[in-house]
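Novice: Whatever this is, show me its structure:
(2 chains)
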Amino acid sequence: MELLLQQLFNGLTIGSVYSLVALGLTLVYGILHIPNFAHGALYMVGGYITLIMMTNAGLHYILAILVSIIVVGVLSVLMERLVFHPLRHSPPIQDKVAAIGILLFLEALAQLLWGADYRQMPTPFGQVVNVFGLTLTLQRIIIVAAAIAVMIFLYWFLKKTFIGSTIIAMAQNREGAALVGINTNKVAILTFFIAGALAAIGASLTSPINLVFPGMGHLVILKAFVIIIIGGMGSIPGAILGGYILGFTESIGATYISSDYKDLIAFVLLIIILSAKPQGIFSKGGA
Amino acid sequence: MKLLNKRNIIILLILLAAAFPFVIQNQYYLHILTLAFIWTIAVYGLNLLAGYTGYLSLAHGGFFAIGAYALGLLTVKAGFSFWMAFLLAPLITMIIGLVVGLFALRTKEHFFAIYTLCVGYIIYLVIDKWESLTEGVRGLIGIPAPEAIGPISFTSPISQYYFALVVFLLVVLVIYRIIHSLTGRTFIAIRNSEELALSLGISTKKNKLLSFVLSTFFAGLAGAMYAGFIRFIGPEIAYTTITFDLLTYMIVGGIGTFAGPIVGTFLIVLLSQNLQFLQDYRMLIFGPLLTLLIIFSPRGIVGFILMQYANWKTKKKVITSKGHVKEG
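Specialist: Take a look at the predicted model:
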């Protein structure tokens, strides 16, 4: 029972990070219909910026995360302006290739700047706490709490503020949004900034319990794709729910089935889903 | 009296390739070129599917690895002779490709890319984790070289080079025949508009599957050649890096063009050899190149040249026709 609870909590931690990354991906997909393969690279850069800010500039963990959010957000916006915007009328295969090009570039750049070795990120929240007989590190609690706070904030922003609702409007109908006077360019920039920021937060939160290295985004981005396909491409609640479903499935699968094959779970899940429903479950019109 | 027509250029290139080992006696270059031939075969498979049929498969590196591992396992673990395994490996890849294709092709566009990316990852994870079969990260060691056929042995680098060259030329010929056949035209029709193709009475399902299976065949063939040439394989050949490398070769050369795979592969393979210090960082150059090309010349180098050539031809026509008007 205790093992199960422990694993459930682990699932909650992993799921929180997955949800954050998947949210960024789903927002971008929602407004531009681009599967942004470079999102994993943004996640990786986010991890590195936080790490470098802490080790080289001596900033506090939280300050470092703030810097990382801004840097990755801007990087994400640049990507939109320089690459996806010029390609907006091209056939879909070209967006994907362009995104892969960016991904390869950012990974090579990270390797050049920061080396290929696996690095550990220090955290000021390394304490171990006991909650209801479970031993948890403070960092894991912070991951869950921060992720949930970010998601609530994002939800409030999208639903209750005027700028936020322009994103929703554009996701629902691009032409319609332009027709009522929404500046679609500005919305695209804002969305990419949010997506980058979410990736940076996700990476910075999880890095102290995982490791920072140039390929750290590979698995995460693939799983984020799985999540948004489960949750419906472009759906925000779907991304959150999907993230937690995958987090729980993985941590329980790792304990009770095989930890060697735990990464397979997500992909097998996706293959099964797409084989049965090629448009994804909860698909919101138009593939 | 055109000396430099298409046919003569091709003959010249083939002669150059055949004479290469005698002109430049550098084992290292021989090795690189042999590898380039092998990669090109794989890129042709990818081009058939992504370039001509319009379905971007990101599992291509995985199928390459299946071909390589099929050959490795059949020879090392099952004790088959090289040639037997060499015939079987692409077939095994094709069968797996058929099964994957049946499901993967139900999806379209983005979903297809993501689906195949996941398939590629599963192939990698299975090879990496299934230690009792594939030896996991240790890799498969001691894959035999091709046995001699009569007086021809395949142990020296030169003979390996010719072996790769011959298979490469065969593949180019087969691809040429495919894309200029009705089947090839059908693939292009599907790429241009699946709905239109469907309404013309083309069975898009059957043809997409055919294109997918053919592409895995070439991936498997290239993988088997690779295993026989390098004679050591590890799970890293199934990783997404290989898929992205192949993709880069194809895009730089020109997606959906006949000469694209050759141009792209040779250019990048040779260039990265000369920029050896860049080995780990070559994507610093090729990554942005990929993105820039897709924005400014979506059909790569070959597409760019073809377009310039077409422009130049029409200009020439205009000038000569003007001249005629003056004379008359």
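Novice: buried stuff in stretch B:90-102?
Specialist: B:Pro90, B:Ile92, B:Thr93, B:Met94, B:Ile96, B:Gly97, B:Val100, B:Gly101 (16 or more other CB atoms under 10 Å in any protein chain shown). From N, CA and C alone the C-beta is placed, and that goes for glycine too.
Novice: Show me which residues of the stretch 201-328 of chain B sit near chain A.
Specialist: Proximity of the stretch 201-328 of chain B to chain A is confined to B:240, B:244, B:247-248, B:251, B:255, B:280-284, B:286-292, B:294-295, B:298 under the rule CB under 8 Å from any CB of the partner chain.
Novice: Sorry, slip of the keys, the one I care about is the stretch 51-200 of chain B.
Specialist: B:54, B:56, B:103, B:106-111, B:113-115, B:117-119, B:121-122, B:125-126, B:129.
Novice: So for whichever helix or strand A:Thr191 is part of, what gets flagged as buried?
Specialist: In this assignment (DSSP states H and E), A:Thr191 forms part of helix A:184-206. Neighbour counts over helix A:184-206 (16+ other CB under 10 Å) mark A:184, A:187-206 as buried.
Novice: what do you get for stretch A:120-136?
Specialist: A:Met121, A:Thr123, A:Leu136.
Novice: Start and end of stretch A:47-65, how far apart?
Specialist: 9 Å (CA to CA, to the nearest Å).
Novice: ok, that stretch near chain B or not?
Specialist: No: using CB under 8 Å from any CB, stretch A:47-65 stays clear of chain B, with a minimum separation of 15.8 Å.
Novice: which regions of the chain sit below the pLDDT cut-off?
Specialist: Just going to use chain A. A:280-287 (pLDDT under 70).
Novice: You answered for a different chain; I wanted chain B.
Specialist: B:1-4, B:276-279, B:319-328.
Novice: now with 80?
Specialist: B:1-6, B:19, B:21-22, B:24-26, B:108-109, B:131-139, B:142, B:145-156, B:273-283, B:316-328 (pLDDT under 80).
Novice: Centre-most residue in it?
Specialist: B:Val43 (1.6 Å; CA atoms, centre = their mean).
Novice: For the residue lying closest to B:Thr257 once chain neighbours are set aside, grab the count of nearby residues.
Specialist: Distances taken as CB to CB, 6 or more residues apart in numbering or on different chains place B:Val302 nearest to B:Thr257, at 4.2 Å, with adjacent residues excluded. By other CB atoms under 10 Å in any protein chain shown, the residues close to B:Val302 number 22.
Novice: State the helix or strand in which B:Val302 lies.
Specialist: helix B:300-327.
Novice: what about stretch A:198-214, how long is it end to end?
Specialist: 18 Å.
Novice: quick one: contacts for residue 44?
Specialist: All of this is about chain A. Shown in contact with A:Met44 (CB atoms under 8 Å, 6 or more residues apart in numbering or on different chains): A:Leu106, A:Glu107, A:Ala110, A:Ala203, A:Val212, A:Pro214, A:Gly215, A:Met216, A:Gly217.
Novice: sorry, should have said chain B
Specialist: Counting by CB under 8 Å, 6+ apart, B:Tyr44 touches B:Val171, B:Val172, B:Ile175, B:Phe218, B:Pro261.
Novice: same thing with A:Ala195?
Specialist: By CB under 8 Å, 6+ apart, the neighbours of A:Ala195 are A:Leu23, A:Gly24, A:Leu25, A:Leu27, A:Val28, A:Asn36, A:His39, A:Leu42, A:Ser76.
Novice: Dump the residues you listed into CSV; add secondary structure, distance to B:Thr204 and neighbour count as well.
Specialist: Below are the contacts of A:Ala195 laid out as CSV (DSSP: H, G, I helix; E, B strand; the rest coil; distance: CB to CB, whole Å; neighbours: other CB atoms under 10 Å in any protein chain shown):
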residue, secondary structure, distance to B:Thr204, neighbour count
A:Leu23, helix, 35, 30
A:Gly24, helix, 34, 31
A:Leu25, helix, 29, 28
A:Leu27, helix, 33, 26
A:Val28, helix, 30, 27
A:Asn36, coil, 28, 30
A:His39, helix, 31, 30
A:Leu42, helix, 36, 33
A:Ser76, helix, 37, 29
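Novice: So what's the residue count around B:Pro146?
Specialist: 20.
Novice: just to confirm, which helix or strand has it in it?
Specialist: Using DSSP H and E, no helix or strand contains B:Pro146.
Novice: List the single closest residue to it in space, sequence neighbours excluded.
Specialist: Nearest residue to B:Pro146 in three dimensions, chain neighbours excluded: B:Phe154, at 3.8 Å (CB to CB, 6+ apart).
Novice: which SS class is that neighbour?
Specialist: Classification of B:Phe154 by DSSP: H, G, I helix; E, B strand; the rest coil places it in coil.
Novice: list the contacts for A:Ala199?
Specialist: When contacts are counted by CB under 8 Å, 6+ apart, A:Ala199 touches A:Leu20, A:Val21, A:Gly24, A:His39, A:Leu42, A:Tyr43, A:Gly46, A:Val72, A:Ser76.
Novice: ok, back up a step: secondary structure element for the residue nearest to the centre of chain B?
Specialist: Assigned by DSSP H and E, B:Val43 belongs to helix B:27-46.
Novice: What is the nearest of the contacts of A:Ala195 to B:Leu165?
Specialist: A:Asn36 (40.6 Å; CB to CB).
Novice: My read is that the closest one contacts A:Thr26, right?
Specialist: No: counting by CB atoms under 8 Å, A:Asn36 stays clear of A:Thr26, with 10.2 Å between them.
Novice: quick revisit: among the residues of the stretch 201-328 of chain B next to chain A, which are in helices?
Specialist: Applying DSSP state H to those, the entries found in helices are B:240, B:244, B:247-248, B:251, B:283-284, B:286-292, B:294-295.
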